[in-house]
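Engineer: I would like to see how this sequence folds:
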Amino acid sequence: MKFKLLIFDLDNTLLDYEMAENYALDETFKYFKLESTEELKESFRIINEENWQKLEKGEITSVELRVLRFEQFGRTQGLKWNPNEVSRIYLENLGRGGFIIEGADVLLEDLKKHFRLASVTNGISDVQRARLENSSFDGYFNPLVISDEVGVAKPDPEIFRILLEKANITDKESVLMIGDSLTSDIMGAAAFGIPSCWYNPKNLPSDSDISPDFTITNLEEIRDIVL
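Structural biologist: Numbers count the residues shown, from 1 in each chain. Sure, this is the predicted structure:
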C-alpha cells in the first residue's frame, strides 16, 4: 500500500458539523428564551462563517472568534445579552454534538486495521475533544492536531508540519489528507506537499485552481484509493 498515514478533517468529513451547529443553536436560543427560527440561525451562520474565514487568514485569534461572533450577532438582532456568557453556553452545547456522517464509523473501523489514522482540524479545543468523546471516534487518531492548541490553522502548511513531526513521519508521499474544504484541507495539503483527497458529497464545481489528487463524492470511495 502506498499510503501509511491517513489524515482526516473532522467537520463535515467525519462529523456532521451542520447538525451539531443546528443542535447547539436550538439549545442556546432556548436557554436565552429566544425562538429558534431558521432566519435567526441563518443570520448567525453567515456571521460565524465570516469569522472562521478571518481565523483561517490569521486576521483574528480563536479566543477572539469565540466571543466576536456573538457580539456581532447580538448587535444585528438587537439582543441585550452578554456575549461571553452566550459563547460559553453555545460551546457547551456544540461539544455535545458528536453526530457522525453516515458510513464514516464503518469506514474508519475498517481502515484502522490497515492504516495509522490521524486528524487535523480547525476548531476550538474543548469543543472538538468533547465532540469526539461523544462520537465513536474517540481514541482513533494519533496524532490529533487541533488548530486551537497549536496556534496555526489550515491552510497554513505549518499545521501539517506539526502533525507529521508528531507522527514521526518524513515521507510525505506516504501520507494522504482527506477533507471537504478546498480552501482549507486541500490548499493546505498542497502547500505542504502531501497528496490530498477532496470529499465533495454535494458534487460542487471547483471554481478555483486548487487541484486535489483525488476527488470523491462518497466516503466509501476512499477504499478504492487506499486499499
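
Engineer: Got the phi and psi for residue 104?
Structural biologist: phi -70, psi -40 (degrees, to the nearest 10).

Engineer: Relative to residue 75, how far out is it?
Structural biologist: 37 Å (CB to CB, to the nearest Å). Where C-beta positions appear, they are placed from N, C-alpha and C, glycine not excepted.

Engineer: If you count surrounding residues, which of these two has more?
Structural biologist: residue 104 (19 against 11; other CB atoms under 10 Å).

Engineer: Find the residue closest to that one in space, skipping its chain neighbours.
Structural biologist: Nearest residue to residue 104, sequence neighbours excluded (CB to CB, 6 or more residues apart in numbering): residue 14, at 4.7 Å.

Engineer: again with residue 201
Structural biologist: Closest to residue 201 by CB to CB, 6+ apart is residue 217, at 5.6 Å.

Engineer: Let me see the mean pLDDT of stretch 87-99.
Structural biologist: Mean pLDDT, stretch 87-99: 97.

Engineer: Show me what counts as buried in that stretch.
Structural biologist: Neighbour-count burial for stretch 87-99, counted by 16 or more other CB atoms under 10 Å, picks out 87, 89, 90, 91, 92, 93, 94, 95, 96, 97, 98, 99.

Engineer: now stretch 195-206
Structural biologist: 195, 196, 197, 198, 199, 200.

Engineer: can you redo those residues as JSON lines with pLDDT, distance to residue 33 and secondary structure?
Structural biologist: Shown next, in JSON lines, are those (pLDDT from 0 to 100; distance: CB to CB, whole Å; DSSP: H, G, I helix; E, B strand; the rest coil):
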{"residue": "195", "pLDDT": "97", "distance to residue 33": "50", "secondary structure": "coil"}
{"residue": "196", "pLDDT": "98", "distance to residue 33": "45", "secondary structure": "strand"}
{"residue": "197", "pLDDT": "98", "distance to residue 33": "44", "secondary structure": "strand"}
{"residue": "198", "pLDDT": "97", "distance to residue 33": "42", "secondary structure": "strand"}
{"residue": "199", "pLDDT": "98", "distance to residue 33": "38", "secondary structure": "strand"}
{"residue": "200", "pLDDT": "97", "distance to residue 33": "40", "secondary structure": "coil"}
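
Engineer: Alright, I will stop here.
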